[in-house]
Every structure is written in C-alpha cells, then in structure tokens.
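Trainee: need a structure here:
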Amino acid sequence: MNKYLNTLLAAGMLVPAAALAQNETDALQYGRVSNAATARSLGLGGAGGSYGGDFSAISINPAGAGVYRSSELTITPTLRFNNMSGSYLGSSSSDDNAKMTLNNFGLVFGKAAKGKNYERSAWKSFSVGIGYNRIADFNSKGYYAGNNSHSSMSEVFAADLKNNGARQDLVPPYGFLGYYGYLTDDQDNAIAYENIIRNGGALYQSKSWESKGGINEWSLTVGGNYMEKLMLGGSIGLTTYRNDRSINYYEEDATGDPNNDFDYLSYNEYFNTTGVGVNLKLGAIYVINDIVRVGAAFHSPTWSAFSETSDYDMATNTEGYKASLGGVGADADPETYVQPDQAYQFDYSLRTPWKGILSATVFMGQHGFVTADYEYAAYNSMRYSYSDNSYADYERQANEAIKDTYKGTHNFRLGVEGRLTSFAGRLGFAYYSSPYRNSDFDGQRMDLSASIGFRVGGFFADLTYVHIMQKASEYGYPFLVQDNPALGIRKIPVGIASLDYGKNLLALTVGFKF
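Mentor: Residues are numbered from 1 along each chain as shown. Below is the predicted model:
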C-alpha cells in the first residue's frame, strides 16, 4: 500500500522536517466524510438527495432547500458509543469508548409565494439555510497485540539510523531515538532483532491509540422552486478540522531471558492538527409527477489548509547492554528515556475527493416514501500541496502514494419512511465500498438505522439509532523498511492488522417550524 513512500525511505533520501507526518492514510481520514447529521437523515440511511425539507438533506443536495415553504430551526445532540476489535499476528483484542457531541444546528428561512403572486410567479418559493453539520468524528480508542517471531520495531530505528544518522531534524526522528535509546550497537544493528529474533525467540508487540476531534461543516445554502417541477440549489461550505491523537507502539521480550540485552521499548507519537477548508455544492431535483422525484448533485473537493504539531518520545530497557558499553552508576541504568529537544510544526494543504450523487424518491401519498442515493467518491483524486519548494520531492511521492493506494468508491444509501397521523417510523441502510486498490486491505462500511418521529403543530422531534460496521486494515509498524544491501538493511516482514469498528449513534433532533 505504501509502495512510493517506502521506496523513498529505503533509498535513504532525507525528508524535510515534519513532512513524514502527512501520508495517504491521513488524506483518507480527512476526505472520508458523511453529510447526514440530523436524526431524520440518519434514520433514512443517509439518503437525502431527492426528498428535501431537512437540513442534512440540503447538505447532500442543496436543491432540497426548494422544498421548504416555511422557516425552520433544528438542533441535534448525539451520543456516540463505539467498540473496536482487532486481530494481529493471530491474536485478538478489543476496546470501547463513549462521547456526547453536537451533530447539527440549522436555521432555514423559507418564503413561499401566495395567492395571486403564486399564480403570476414562475418561482414558487425561495429558501436560505445556514448552519452546521458534524461530518466526521475522530473520537476513538483502539488496541491490538500479538507475538512476532519474524521482525522487531527496533529494526525500524536501526534502518533510519543507517540512512540518516542520529538526527533530530528529521520527522519522525527514528534514528535519533534508536541511537540514544540504546536500541542499536556500534554496528547499528537492532539489538532486539539481533539477540532475540535471530536466536529463535519472539517479541510481544502492541499498538494502542486514542484520538479526539472531528470535522465540522458550516454551510450557506440557497434554493428555489421553479413551477413546482424543478428545484435548484447551491451552497458554500466552510469546514473546520481538529484532530488530537496519541499513538503508542510497545514491544517486549517474550522469551523471559533477562540477559539478552532487551526487555522492552515503548515508543509514542503525539499529533495536534487543526485546519480550515472551503467547498461548493450544486444540485437539482426534478418532480416527474406526484409520486416520483429524481435528483442530482455535485460536491466539489474541499480545499483545506492544515497546521500540524508533532512530538515523539521513547522509553527502553536494554538490560545489561549499557553497562557492557562501559557505563557506571546511573549511566548503566538499563532504563532510558529519550525525547527530542522540541516539538515539530508543519503547514500543508490538502484537496479532498469530489463526489457525484444521483437520487430518486417514490412517495406513497401521505403515508410516507422510499428514497435512495447512489454516490461516487473519487478518493484517488486527493492531493497534497506544499508551498515550500524544498518539499517538492515528498509532495510528489505522497501524491503518487495516494493514486497507487486508493480508487473511486460506489456508495449506496436506502431509506423508508412511514407516516401515521403525527407519528413517523424510518428504516435505513447504507453501503460504502472499500477505497483501497489492494484487496488485502478492507475498508468497506455498512450502516443500519431505525428512527421514530413526532410532529404536532410547529414542533417536531426525531430519535434515531444507527449501527455502523466498518472495516480497516493497516501495517503493524509506523512505516515499512525495504531491502537496501548497500547499507546492510533487510526488508522487514510486517503483519497486517485487521480492524473491525462497531460505531453506534443515538441522535435526537428537536425542531420548530415558524
């Protein structure tokens, strides 16, 4: 999956400070979003491209603003409770967490022509909407572990030390941490690998992480209804990003031997990312008859600018290794803590995927409707950009990695709403295909939802439960090391961790029409 980035690293090229913090995995995280945020839209599986009259629906297809005949205010708090199960090198693990967030706030001002004005005017109504949807949530925890008898994390640090020396100005500073953490000997060999794996032993390895934040989109939407047949709309979106995450890679001797120069290493990465972006959406809905509506929408890429701060540290216990180098007293303490002198800061830009959406809704009189969306999302079109020309080589390699790793996805959403006087019930289903070209990596997602709603006068409330089943895959190490015989570096065999996320949402929308 990381063919281009791994080639760059293995070749020993010096990558400018902080550049390695941005890769194709980060691009996917910021580019894979959902516009469904109100309880009604979530209850319909996220389908919303042709029925309109809902704040999240007009975020999917802004022409839906033409359905409004009055003004509306909505707010949607959401409880998210997630679990994750992972498998790595034949072992399984799990973790869970819960978080309350504000998923939506929307205000739509609608004005409809009446009486003689309605008869004379071709445009029957206009609406302006302004508000907020949470389109991605980064609040998560995860963990997986397994025993590895083929490779060691210490090889990653040793390879970087051979390539670049013990430099603090490269990010991540693997060579620096490996050298001052006593993970290499005088010949730059990886201690854990040399003394344990090559002698037939095994290492217990784990990765754990925690992240907070999300992507919020503020939008201004304008829509109109022409002759009760054609609804047109457009919106400008302003996205804000926040992602605070910490990652720990841990490795310890699984042989129980206290005299092989390695007990454990604990390597940490800390990232704080903020950003802002802008996008454009255009849409149309055509009323074929009283039963059928069809819709089409185009979402431009979001052009975003990011600022990222990263930091790293590592703790090791190399048993008697330091003492063997001549250390005495405190200098021979088997435990070592290493941290660079400063955190690293880097600014960059990212263009996320464009999307095209086709939709249809079939109405059953006053008793409800069935609605469906087809969406194409071009994940292979994502691109990084750096204003500093000294990053040109890495920019090219990162963008090649995106093209090599991802493809366009075909996504389907289906929802059913049934009505009985003041009450409504909904069921929804969504399927998102995997964005990965490599079939060894699974990234598909399925959503199942159920919802109830109540409307009386100008007040309405909707309550929805959504269960999201999402698969993901990743390599067990932060980056891969390829063969480089000239430097005595071997390709590290790395296992693939398979992750299953069970994300659950409980969303309540309360609204008023006026």
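
Trainee: for T184, what are its contacts?
Mentor: S154, F157, A158, L161, G178, A190, I191 (CB atoms under 8 Å, 6 or more residues apart in numbering). Where C-beta positions appear, they are placed from N, C-alpha and C, glycine not excepted.

Trainee: Any regions of this protein where pLDDT drops low?
Mentor: Scanning the chain for pLDDT under 70 picks out 1-21, 89-96, 187, 327-330, 473, 477-489, 491, 493-495.

Trainee: taking the contacts of T184 one by one, which sit in helices?
Mentor: S154, F157, A158, L161, G178, I191 (DSSP state H).

Trainee: Can you tell me which of those residues is nearest M364?
Mentor: When those are ranked by distance to M364 (CB to CB), F157 comes first, at 63.6 Å.

Trainee: got the contact list for that closest one?
Mentor: F157 sits in contact with Y174, G175, L177, G178, Y179, G181, L183, T184, A190, where contact means CB under 8 Å, 6+ apart.

Trainee: again, only this time at 6 Å
Mentor: Listed by CB atoms under 6 Å, 6 or more residues apart in numbering, the contact set of F157 reads Y174, G178, L183.

Trainee: about what we covered before: R242: which of the ones in helices among the contacts of T184 is nearest?
Mentor: F157 (30.5 Å).

Trainee: these two touch, right, F412 and Y431?
Mentor: Yes - if you go by CB atoms under 6 Å, F412 and Y431 touch, sitting 5.0 Å apart.

Trainee: tell me which residues in stretch 341-361 are buried?
Mentor: Within stretch 341-361, the residues scored as buried using 16 or more other CB atoms under 10 Å are 344, 346, 348-355, 357-361.

Trainee: just curious, which of those residues is nearest to E72?
Mentor: Distances from E72 to the buried residues of stretch 341-361, taken by CB to CB, are shortest for T361, at 19.3 Å.

Trainee: Would you map the strands across the stretch 401-514 of the chain?
Mentor: Ranges of strands within the stretch 401-514 of the chain are 408-420, 423-432, 445-456, 459-475, 496-513, based on DSSP state E, counting those that start in this stretch.

Trainee: Please render these as CSV that adds distance to N216 and mean neighbour count to the earlier fields.
Mentor: Converted to CSV, those look like this (distance: least, CB to CB, whole Å; neighbours: other CB atoms under 10 Å):
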stretch, distance to N216, mean neighbour count
strand 408-420, 21, 18
strand 423-432, 21, 19
strand 445-456, 20, 17
strand 459-475, 19, 18
strand 496-513, 16, 18
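
Trainee: what's the closest of these to M314?
Mentor: Of all those, strand 459-475 comes closest under CB to CB, at 19.2 Å.

Trainee: for the closest one, the distance to its chain's centre please.
Mentor: 14 Å (CA atoms, centre = their mean, to the nearest Å).

Trainee: what does stretch 297-308 give?
Mentor: Distance of stretch 297-308 from the chain centroid (CA atoms, centre = their mean) equals 14 Å.

Trainee: Could you do stretch 348-359 as well?
Mentor: 14 Å.

Trainee: can you check stretch 308-322 too?
Mentor: Stretch 308-322 sits 28 Å away from the centroid of its parent chain (CA atoms, centre = their mean).

Trainee: And for it, what's in contact with it?
Mentor: Taking CB under 6 Å, 6+ apart as the rule, stretch 308-322 contacts 21, 172, 177, 181-182, 261-273, 332, 334-339, 343-346.

Trainee: What about those residues, which are in helices?
Mentor: L177.

Trainee: Would you mind checking the contacts of stretch 308-322 for buried ones?
Mentor: 21, 172, 177, 181-182, 261-267, 269, 271-273, 334, 336, 338-339, 344, 346.

Trainee: how near is the spatially closest residue to G110 that is not a sequence neighbour to G233?
Mentor: Leaving aside its sequence neighbours, G110 sits nearest to Y68 (CB to CB, 6 or more residues apart in numbering; 3.5 Å). To G233, Y68 is 10 Å away according to CB to CB, to the nearest Å.

Trainee: need the contact list for T464.
Mentor: Taking CB under 6 Å, 6+ apart, we find T464 in contact with A39, L42, G43, S449, S451, A507.

Trainee: correct me, but I236 touches L220?
Mentor: Yes - with contact defined as CB under 6 Å, I236 counts as touching L220 (5.2 Å).

Trainee: about what we covered before: any chance you could read off phi and psi for the residue nearest to G110?
Mentor: With angles defined as degrees, to the nearest 10, Y68 sits at phi -60, psi 140.

Trainee: what's Y204 in contact with, if anything?
Mentor: By CB under 6 Å, 6+ apart, the residues touching Y204 are N147, E252, A254.

Trainee: Please pick the buried ones from those residues.
Mentor: E252.

Trainee: buried ones in the top helix by length along the chain?
Mentor: The longest helix of the chain (DSSP H) is helix 392-405. Within helix 392-405, the residues scored as buried using 16+ other CB under 10 Å are Y394, E395, Q397, A398, N399, E400, A401, I402, K403, D404, T405.

Trainee: Do me a favour and get the backbone dihedrals for the residue of the chain most remote from its centre.
Mentor: Distance from the centre of the chain peaks at K116, with 51.5 Å (CA atoms, centre = their mean). For K116, the backbone dihedrals (degrees, to the nearest 10) come out as phi -70, psi -30.

Trainee: Quick check: the gap between it and L203.
Mentor: 82 Å.

Trainee: next one: L161
Mentor: Taking CB to CB, one finds L161 at 19 Å from L203.

Trainee: higher neighbour count, those two?
Mentor: Taking other CB atoms under 10 Å, L161 and L203 do not tie; L203 has more neighbours (25 against 21).

Trainee: Contacts only, for that one.
Mentor: So L203 contacts N148, S152, E251, A254 (CB under 6 Å, 6+ apart).

Trainee: let's go with 7 Å and repeat that
Mentor: N148, S152, A192, I196, I197, E251, E252, D253, A254 (CB atoms under 7 Å, 6 or more residues apart in numbering).

Trainee: top of these by neighbour count?
Mentor: A192 (29 neighbours).

Trainee: Report the two of the contacts of L203 separated the most.
Mentor: So, the contacts of L203 by CB to CB: farthest apart are I197 and E252, at 13.1 Å.

Trainee: so the residue nearest to G110 makes contact with A57?
Mentor: No - taking contacts as CB atoms under 7 Å, Y68 lies outside contact range of A57: 10.6 Å.
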